[in-house]
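Participant: return a 3D structure for these sequence lines:
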Amino acid sequence: MKPFVIATLCAALAVPLFAAGPYHLQLEANPSAPFPFLGKFGTVTIHVYGSGVRAETFWLNGFSRNSARTVTVENPLGRMYTDMPLAEISLLVRKLGGASLGPLSSPPERVAAPVAGKVRGLDATRYRLVYGPEAWIDVWTTRAMPDNPQFRAIVNEFVAGVSPGAAAVARNIPGTPIYVELNFRRFKKVPLVRLKSFSSNNEGERDALSVGTLYFRAPLLESIWK
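Facilitator: Just a heads-up that it's a prediction; the model follows:
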């Protein structure tokens, strides 16, 4: 693991530092591609702001502010919301997935040396998690904005639910992930996360990180889950 740590430090120093100021990173995630048990959520739109993160699906929405230990989950149709501890994200993923996580549940054999490039015009670095001769996950990250601690915490919890070993490796990858592609026997060049847009403003941040009007609190996640 030492060569990987040295390589990531060199890559971090080689990438220009971010410019301070407001920003809005918009990503699109398709978790149901490798994980059919997440199909009920459909495509997930993720908004990353300087103060927190918001995720939207056709069924449930959620947001979490920096330093919060919970994610606020909303059901727009029922006008209900509740708070779920961050630490329960990985437990929920394991509960939903059961034994169906397959080869992705194993930790990678190694991490290839970082490669510099661009993703839709943003300076980025590719980290390849190698699982075998023809099996890997490409994670492209950028330093075009400050590291968002809440986004990082949520991503780590989700990955830990799929593979604790992979989560331990992912924690050492610097920057903000903006493109993730799977390449396995069953998943050839399958985008899991892709960049939609990046702007140097935080328009809509306040509403995105607040409970909608006329919502009422539900006692348990299960109350708005079904």
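Participant: the residue lying closest to residue 173 once chain neighbours are set aside: neighbour count?
Facilitator: Distances taken as C-beta to C-beta, 6 or more residues apart in numbering place residue 127 nearest to residue 173, at 5.0 Å, with adjacent residues excluded. C-beta: built from backbone N, CA, C; applies to glycine. Neighbourhood size, residue 127 [other C-beta atoms under 10 Å]: 25.
Participant: surely residue 58 is within a helix?
Facilitator: No - per DSSP: H, G, I helix; E, B strand; the rest coil, residue 58 lies outside any helix segment and is coil.
Participant: correct me, but it touches residue 42?
Facilitator: Yes - taking contacts as C-beta atoms under 8 Å, residue 58 lies within contact range of residue 42: 5.2 Å.
Participant: measure stretch 110-124 end to end?
Facilitator: By C-alpha to C-alpha, to the nearest Å, the extent of stretch 110-124 from end to end equals 20 Å.
Participant: quick check: buried residues in it?
Facilitator: Buried residues in stretch 110-124, counted by 16 or more other C-beta atoms under 10 Å: 111, 114, 119, 122, 123, 124.
Participant: for the residues you listed, could you give me TSV that also reports distance to residue 211 and secondary structure?
Facilitator: Below are the buried residues of stretch 110-124 laid out as TSV (distance: C-beta to C-beta, whole Å; DSSP: H, G, I helix; E, B strand; the rest coil):
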residue	distance to residue 211	secondary structure
111	39	strand
114	40	coil
119	33	strand
122	31	strand
123	36	strand
124	34	strand
